[in-house]
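[1] let me see the structure of the following:
(chains A, B, C and D)
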Number of protein chains: 2
Amino acid sequence: MIIIDYKDTRPIYEQIVDKFKTLILHGALQPDEQMPSVRNLAMELSINPNTIQKAYAELERQGFIYTVKGRGNFVSGDGKLVEERKCECIQKILELAKEVLEIGMTKIELIREIEQLQV
Amino acid sequence: MIIIDYKDTRPIYEQIVDKFKTLILHGALQPDEQMPSVRNLAMELSINPNTIQKAYAELERQGFIYTVKGRGNFVSGDGKLVEERKCECIQKILELAKEVLEIGMTKIELIREIEQLQV
DNA sequence: TTAAGTGTACCATCACAAATAGTACAGTTA
DNA sequence: TAACTGTACTATTTGTGATGGTACACTTAA
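    Numbering: from 1, shown residues only, chains lettered A, B, ... in the order given. As a prediction, the model looks like this:
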C-alpha cells in the first residue's frame, strides 16, 4: 500500500504523509476508516515507529486524520479537504503557467496541452 | 541583483541557482556575459565562497553556464535551455492538472483559471 | 616577469534535521 | 489481566548545508 522510495531526496515521513493524502483524497481510504497502527506500519515498512508517528502527527495537523488515544488513528470525514487540496494544486499550476508564459509559450499552446490530457 | 531569503527553508546555494536560472531564461543575463566572480559575489552576499562555488557547479552541470579556468564563469549561449525549461514546467503542470482533475475539478474550470491569468 | 584576479580542490568544523533505538506511560478492548 | 492502541521523552547516528581556511593552476594586465 505504501512504498518508500529511497532514491527520493525527500524525508521518509514526508513521503508517507503525501501517500496517505493521495489515498484519502482519492477515496481509497474512507472517512472514519482506521489507519494502520504506528507499530504495524513501521514493521511493515521496516522503519522506526517514531517516523510513522511523525507522519501521523503531520497528517493530523493538516486535518486528514484524527486520533483516539488507545484506539488508533482514523481518516477524517471532513469534506473540506478535497477543496483545500484543489486550491493548493491550482495555485501551483498558475505559478508554473506564469513562468512558462513569461519565457515564450502562448496561452493557446498551454491550454491545448491540458485539453489533450487523459484522465 | 541576487537576494537571499533566510526565511526560505531551501539551501542558500539552491536559491542562488534558481535566481540565476530565472535571470538567464528571461534574458536578463545574455549569452557569453560574464557571471560575478565566486569571491566577489560571496563578499557581496556576505556568505562563503564555497557556497557560491557549489551553486555555480550546479549551474554548469545543468548547462546554464560554462567555466573558463582563470577567466571566470560565463552564461551559456545554448538556445535549448529555454525549450528544456518549458518542458520541465509543462510536465509539472500536467502532473498537477491530472491530480486536480482526478479529485473532481473539470477541464473547463481549470482552463478558465489559466485564461484569466495575467502575464 | 610579476601581481592580481580568476576557478578548483581540498580538509576540518559546526549546525541542524532526519532517522534510529530504546524506554516508559496512559488509554482501550477483549 | 493481557494485548493492543497512541504519546512522550532522551540519546545517538547519519547526512547535508554552510563556514573557514589553505593551496594550487590558469589568465590577464601592469
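
[2] could you use CA atoms for every contact and neighbour count after this?
    Noted.

[3] return the residues of chain A in contact with chain B.
    A:25-26, A:82, A:86, A:89-90, A:92-94, A:96-103, A:105, A:107, A:110-111, A:113-115, A:117, A:119 (Cα under 8 Å from any Cα of the partner chain).

[4] roughly how far apart are residue A:116 and residue B:94?
    Residue A:116 sits 10 Å away from residue B:94, taking Cα to Cα, to the nearest Å as the criterion.

[5] I meant to write residue A:74 there.
    Residue A:74 sits 32 Å away from residue B:94, taking Cα to Cα as the criterion.

[6] between these two, which one's more packed in?
    Counting neighbours by other Cα atoms under 10 Å in any protein chain shown for residue A:74 and for residue B:94 shows that residue A:74 has the greater number, 21 against 17.

[7] so the more buried one sits against residue A:63, correct?
    No: using Cα atoms under 8 Å as the test, residue A:74 is too far from residue A:63 to be in contact (10.9 Å).

[8] in stretch A:62-78, what counts as buried?
    Neighbour counts over stretch A:62-78 (16 or more other Cα atoms under 10 Å in any protein chain shown) mark A:64, A:65, A:66, A:67, A:73, A:74, A:75, A:76, A:77 as buried.

[9] and these, which is closest to residue A:30?
    Nearest to residue A:30 among the buried residues of stretch A:62-78, counting by Cα to Cα, is residue A:75 at 6.7 Å.

[10] wait, doesn't that closest one sit right on residue A:27?
    No: look at residue A:75 against residue A:27 with Cα under 8 Å: they stay out of range, at 10.3 Å.

[11] biggest helix in chain A, by residue count?
    helix A:80-102 (DSSP state H).

[12] next, the angle from it to helix B:80-102.
    160 degrees (axes from the mean of the first three to the mean of the last three Cα atoms, to 10 degrees).

[13] run the chain-centre distance for helix A:80-102.
    Taking Cα atoms, centre = their mean, to the nearest Å, one finds helix A:80-102 lying 15 Å from the centre of the chain it belongs to.

[14] again, but for stretch A:100-110
    Computed by Cα atoms, centre = their mean, the chain-centroid distance of stretch A:100-110 equals 29 Å.

[15] list the buried residues of it.
    Neighbour-count burial for stretch A:100-110 flags A:100, A:101, A:103, A:107, A:110 (criterion: 16+ other Cα under 10 Å).

[16] who's in contact with that stretch?
    Residues outside stretch A:100-110 that contact it (Cα atoms under 8 Å, 6 or more residues apart in numbering or on different chains) are A:97, B:25, B:26, B:82, B:86, B:89, B:90, B:114, B:115, B:119.

[17] for residue A:82, give me its contacts.
    Applying Cα under 8 Å, 6+ apart, we find residue A:82 in contact with A:25, B:103.

[18] export stretch A:63-70 as PDB, just CAs?
    Provided in PDB are the C-alpha atoms of stretch A:63-70 (Å, rounded to 0.1, in the frame of the first residue of the first chain):
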ATOM      1  CA  GLY A  63      -6.700  17.700   9.300                       C
ATOM      2  CA  PHE A  64      -6.500  14.500   7.300                       C
ATOM      3  CA  ILE A  65      -6.800  12.100  10.200                       C
ATOM      4  CA  TYR A  66      -7.900  12.200  13.900                       C
ATOM      5  CA  THR A  67      -6.600  10.300  16.800                       C
ATOM      6  CA  VAL A  68      -8.300   8.400  19.600                       C
ATOM      7  CA  LYS A  69      -5.900   7.500  22.400                       C
ATOM      8  CA  GLY A  70      -5.700   3.800  22.900                       C
END
